[in-house]
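J.: show me the folded form of this:
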Amino acid sequence: MERQHHGLIVEKLVKSALKSKKENSSSYTDEWDISLSASRDGIPVSIKTIKEDGRIDLGSAQRQWKINQVFRLVLVSYKNVGKKKIITSIDNYLIHPKKWRKLLGTLSVKELEKVHDHLVNNFPKGTHKAARKWWKKVREGWQNKGKLGKIVPSAKIDSKEQRRWQCGISRKDLCDEFGPLSKKLVLNKFKFPKVIK
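T.: Numbers count the residues shown, from 1 in each chain. Presented below is the predicted three-dimensional model:
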């Protein structure tokens, strides 16, 4: 899975603002987009590029459920104007583990991994319809038990062999927790271009 071109451009710009020059380039499979050792202030960074009215996709659910340290979530919002992508807001959230845990609800990483293992081991290629039906029941069960928070897990299940957990948070829930978007195009005194090229 490759990151989209505009996301890579934005990530490079954010790194120019927040990353020190002592570490090699990161990979999309790394735990953080800017690691603790590469960050200028010693705090790891997760970078997300999202349409201004879109849900915030946080990536791997297992990875998010295992976070137990202070980190920065840099959210770069944009809108499409014709063929151009126009940056509308850059927001830098400093997130503490206790706050993150609250957003995840009461679902434990152990429960999440147990269900993921069941999905991978019991629904091979060609059983995607049954897998999606099963996942719907699992999610409804978690919801009925009040286990889900504002960050909600979702299953990526296709007709081939894709069986993985993602998670995300709605823009409304994010703004309710951290305040309205800044509408500024500056991060750590680094001014961003208005158009993503």
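
J.: the residue nearest the centre of the chain and Lys79, how far apart?
T.: The centroid of the chain falls nearest to Leu58 when counting by C-alpha atoms, centre = their mean (1.4 Å). When distance is defined by C-beta to C-beta, to the nearest Å, Leu58 is 21 Å away from Lys79. The C-beta positions use only the backbone N, C-alpha and C, and glycine is treated the same way.

J.: what is the burial count for Glu113?
T.: 15 (other C-beta atoms under 10 Å).

J.: and if you look at Lys84?
T.: With other C-beta under 10 Å as criterion, Lys84 counts 12.

J.: can you name the residues that contact it?
T.: 195-196 (C-beta atoms under 8 Å, 6 or more residues apart in numbering).

J.: what's the closest non-adjacent residue to Lys99?
T.: Glu177 (7.7 Å; C-beta to C-beta, 6 or more residues apart in numbering).

J.: Phe123 too?
T.: Ala131 (3.8 Å).

J.: and what of Ile47?
T.: Nearest to Ile47 is Asp33, by C-beta to C-beta, 6+ apart, at 4.3 Å.

J.: after the longest helix seen in the chain comes which helix or strand?
T.: The longest helix of the chain (DSSP state H) is helix 128-144. Remark: after helix 128-144, the chain's next helix or strand is strand 152-157, criterion DSSP states H and E.

J.: quick one: mean pLDDT for the very next helix or strand once past that next one?
T.: Counting by DSSP H and E, the element after strand 152-157 in chain order, helix or strand, is strand 163-169. Strand 163-169 comes out with an average pLDDT of 93.

J.: got the angle for strand 163-169 vs strand 152-157?
T.: Orientation of strand 163-169 against strand 152-157 (axes from the mean of the first three to the mean of the last three C-alpha atoms, to 10 degrees) gives an angle of 150 degrees.
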